[in-house]
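# The sequence and its predicted three-dimensional model are supplied below.
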Amino acid sequence: MYNDTICALATANGMGALGIIRLSGDDAVGIVNKVFEGKNLEKAKSHTVHYGFIKDSDETVDEVMVSVFLAPKTFTTENSVEISFHGSPYIGKKILEVLLKNGARMAKAGEFTMRAFMNGRIDLSQAESIADLIASENEASRKVALNQLKGGITNEISVLRTDLLNFVSLIELELDFAEEDVEFADRTALTQLLHKIEDKLNALIESFQYGNAVKNGVAVAILGKPNAGKSTLLNALLKEERAIVSDIAGTTRDTIEEVIHIKGNSFRLIDTAGLRETTDEIEKIGVVKAKEKSDKADVLIYLIDVASQDISEDVAMLKELLREDLETIICFTKIDEHLVTKHSLFEDIKRLTGNENLKTLTVSAKKNLNLDELKNLLTHFVDNLKTDENVVITNQRHYEALQKSLNAVKAVEEAVNAKITTELLAYELRNALEYLGEISGEFTNDEVLGNIFSKFCIGK
């Protein structure tokens, strides 16, 4: 438990109908009671709301509603108070000054959640899911974060750790009877458990690609030669004039990024400079940036003017850009201006690039033709990333801890197969347990904790 009492604005900065200031600590109720004109809060029952005024000596600061929550049934497990005031930034600042004068201190970023973690109210993965829930920008990310807040990841890992811990206990017991040369742990059963753990860890690791797409949005790079219609397509998908459209080749020099939401998923659209050989130094930089964005993208939408007589440059560029983990959609553009036989174009591009898996379609951004089909291809990409796992990994730290856990478990399996000494086997098992425990925070250090909670907003 912490000895001091912290306070912070819990609502967003800026003017609004209401603002909320929260306090947590042993003296939270007493400090607010000193400056509250209304009911004696120190006699108030837990989870009750009281009307009154915040006073600074004889001056009334604001008319407020004060909610009292008594330990241990609070978010932090400490005494907590929330003050609802009229949403003026000045009033909020004034109330905080009054609280600081009467014994509270300003909370650090994420300190309320840090206290909830340190006091055993939540584990570390749940703490991180709170930040993800606050930052969620679509339905998919909200659902994933909420599942993690309910302890989804911890529940999955804790079962594995409990089974593994039983074997560790037996191995440790063998060490106590080393001179008798006896085995308490069934090596065959241990190997079976290790296979089970490996399967679960692999499934969780594989879910990270989908989880990353849900949390951060799918990176979609829009590429093609100058005047293929990249900026026009971006504007059509966004339904606003975000990028400059011109008949002059090379209008887009830098990358433009915007987010759209399709069927509950986020897509980060990246409009890039036209791909071509150029002597213009600024345009050259734009072309380099375009290729860099493609290298980091999850999906490539490559545009080709449907009236192009020669697509050899496009084919050469595609061969340079294509990779196995890149979903590629070829859009033949400007079909409102030209009559074409789309089948031959589709077959030609697949044959010339040597890639039969390319998704192909014709579109007109100006006339909004086949854009829904393009959106469906994007959502299908996300749907295909989904796994049968109830828990989805969205956090880079969790992903790295799972990778280390998998390597450690494989090391244990190799140790069992090699029939190494019990002492070395115990060491490998403890390593595996520690890495699994990193996810929930059972094994961690102050530097890691500081880094995690520093990314929270103040007041949470």
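Everything's here; your move.
# which non-adjacent residue is nearest residue 401?
residue 438 (4.3 Å; Cβ to Cβ, 6 or more residues apart in numbering). To be clear about C-beta, it is placed using only N, CA and C from the backbone, and glycine gets the same treatment.
# So which bits of the helix or strand hosting residue 416 are buried?
Here residue 416 sits within helix 396-417, counting by DSSP states H and E. Neighbour counts over helix 396-417 (16 or more other Cβ atoms under 10 Å) mark 397-399, 401-402, 404-406, 408-410, 412-413, 415-416 as buried.
# Can you tell me which of these comes closest to residue 367?
Using Cβ to Cβ, residue 399 comes nearest to residue 367 of these, at 42.9 Å.
# Spatially nearest residue to that closest one, not counting backbone neighbours?
residue 208 (4.7 Å).
# any low-confidence regions in the protein?
1, 174, 176-185, 240-255, 273-288, 290, 337-343, 388-389, 443-445, 447-448 (pLDDT under 70).
# can you point me to the longest helix in it?
For the chain, the helix reaching the highest residue count under DSSP state H is reported as helix 152-176.
# After that one, heading C-terminal, what element do we hit next?
helix 187-206.
# Please save the CA atoms from that following helix in CSV.
What follows is helix 187-206, C-alpha atoms only, in CSV (Å, rounded to 0.1, in the frame of the first residue of the first chain):
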residue,chain,number,x,y,z
ARG,A,187,9.6,-37.5,-18.1
THR,A,188,7.1,-38.8,-20.6
ALA,A,189,4.2,-36.8,-19.0
LEU,A,190,6.5,-33.8,-18.9
THR,A,191,7.2,-34.1,-22.7
GLN,A,192,3.5,-34.4,-23.4
LEU,A,193,2.8,-31.2,-21.3
LEU,A,194,5.6,-29.4,-23.2
HIS,A,195,4.0,-30.2,-26.5
LYS,A,196,0.7,-28.9,-25.2
ILE,A,197,2.3,-25.7,-24.1
GLU,A,198,4.1,-25.3,-27.4
ASP,A,199,0.9,-25.7,-29.3
LYS,A,200,-0.8,-23.0,-27.2
LEU,A,201,2.1,-20.6,-27.4
ASN,A,202,2.3,-21.0,-31.2
ALA,A,203,-1.4,-20.3,-31.5
LEU,A,204,-1.1,-17.1,-29.4
ILE,A,205,1.9,-16.0,-31.3
GLU,A,206,0.1,-16.5,-34.6
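# ok, back up a step: elements contacting the longest helix of the chain?
helix 124-135, helix 187-206, helix 422-440 (3 or more Cβ pairs under 8 Å, 6 or more residues apart in numbering; DSSP states H and E).
# can you map out the strands along this protein?
6-9, 18-24, 36-37, 48-56, 59-69, 80-86, 105-106, 218-224, 256-262, 265-271, 299-305, 327-333, 359-362 (DSSP state E).
# Output these as a markdown table; include the columns mean neighbour count and distance to residue 348.
Output for these, formatted as a markdown table (neighbours: other Cβ atoms under 10 Å; distance: least, Cβ to Cβ, whole Å):
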| stretch | mean neighbour count | distance to residue 348 |
| --- | --- | --- |
| strand 6-9 | 24 | 61 |
| strand 18-24 | 22 | 62 |
| strand 36-37 | 16 | 77 |
| strand 48-56 | 15 | 70 |
| strand 59-69 | 18 | 68 |
| strand 80-86 | 22 | 65 |
| strand 105-106 | 14 | 65 |
| strand 218-224 | 25 | 16 |
| strand 256-262 | 16 | 29 |
| strand 265-271 | 22 | 26 |
| strand 299-305 | 24 | 10 |
| strand 327-333 | 24 | 10 |
| strand 359-362 | 19 | 10 |
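# Let me have the ones you listed in CSV, extended by distance to residue 144.
Listed next are the strands of the chain as CSV, based on distance: least, Cβ to Cβ, whole Å:
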stretch, distance to residue 144
strand 6-9, 27
strand 18-24, 26
strand 36-37, 40
strand 48-56, 33
strand 59-69, 28
strand 80-86, 28
strand 105-106, 32
strand 218-224, 14
strand 256-262, 15
strand 265-271, 11
strand 299-305, 20
strand 327-333, 21
strand 359-362, 26
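# right, and these - which one's nearest residue 141?
strand 265-271 (7.4 Å).
# any idea how far the closest one is from the chain center?
Chain-centre distance of strand 265-271: 15 Å, with Cα atoms, centre = their mean, to the nearest Å.
# Stretch 164-174 too?
36 Å.
# how about it as CSV, C-alpha atoms only?
Below are the C-alpha coordinates for stretch 164-174, written out as CSV (Å, rounded to 0.1, in the frame of the first residue of the first chain):
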residue,chain,number,x,y,z
LEU,A,164,4.4,-26.6,-15.5
LEU,A,165,4.9,-25.4,-11.9
ASN,A,166,3.8,-28.9,-10.7
PHE,A,167,6.6,-30.4,-12.6
VAL,A,168,9.1,-27.8,-11.4
SER,A,169,8.1,-28.8,-7.8
LEU,A,170,8.8,-32.5,-8.6
ILE,A,171,12.1,-31.7,-10.2
GLU,A,172,13.1,-29.6,-7.3
LEU,A,173,12.2,-32.5,-5.0
GLU,A,174,14.5,-34.7,-7.0
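# Just the buried residues of that stretch, please?
164, 167-168, 170-171, 174.
# And stretch 22-34, by the same measure?
22-25, 27-33.
# So which of those residues is the closest to residue 292?
residue 22 (43.5 Å).
# returning to that earlier point: taking helix 124-135 as reference, get the angle to the longest helix of the chain.
Using axes from the mean of the first three to the mean of the last three Cα atoms, to 10 degrees, the inter-axis angle of helix 152-176 relative to helix 124-135 is 170 degrees.
# got the angle for helix 152-176 vs helix 187-206?
Using the same axes, to 10 degrees: helix 152-176 against helix 187-206 is 150 degrees.
# between helix 152-176 and helix 422-440, how many degrees?
160 degrees.
# Centre of the chain to helix 152-176, how far?
29 Å.
# who's in contact with that helix?
123, 125-126, 182-185, 190, 193, 196-197, 200-201, 204, 390-391, 393, 398, 422-423, 425-426, 429-430, 432-433, 436-437, 439-440 (Cβ atoms under 8 Å, 6 or more residues apart in numbering).
# Kindly state the domain boundaries assigned to the protein.
What automatic domain parsing lists as the domains of the chain is 6-107, 127-207+392-453, 213-385.
# quick one: terminal-to-terminal distance for the last one?
Criterion Cα to Cα, to the nearest Å; first-to-last residue distance in domain 213-385 is 9 Å.
# repeat for the first one
Between the opening and closing residues of domain 6-107 there is a gap of 5 Å (Cα to Cα).
# Torsion angles phi and psi at residue 25?
With angles defined as degrees, to the nearest 10, residue 25 sits at phi 150, psi 170.
# which ones are touching it?
2-6, 78-79, 104.
# Any of the residues you listed buried? List them.
5-6, 78-79, 104.
# related to what we said a few turns ago, with distance to residue 379 as extra columns, can I get the buried residues of stretch 22-34 in JSON lines?
Shown next, in JSON lines, are these (distance: Cβ to Cβ, whole Å):
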{"residue": "22", "distance to residue 379": "39"}
{"residue": "23", "distance to residue 379": "45"}
{"residue": "24", "distance to residue 379": "42"}
{"residue": "25", "distance to residue 379": "47"}
{"residue": "27", "distance to residue 379": "52"}
{"residue": "28", "distance to residue 379": "47"}
{"residue": "29", "distance to residue 379": "50"}
{"residue": "30", "distance to residue 379": "54"}
{"residue": "31", "distance to residue 379": "51"}
{"residue": "32", "distance to residue 379": "49"}
{"residue": "33", "distance to residue 379": "54"}
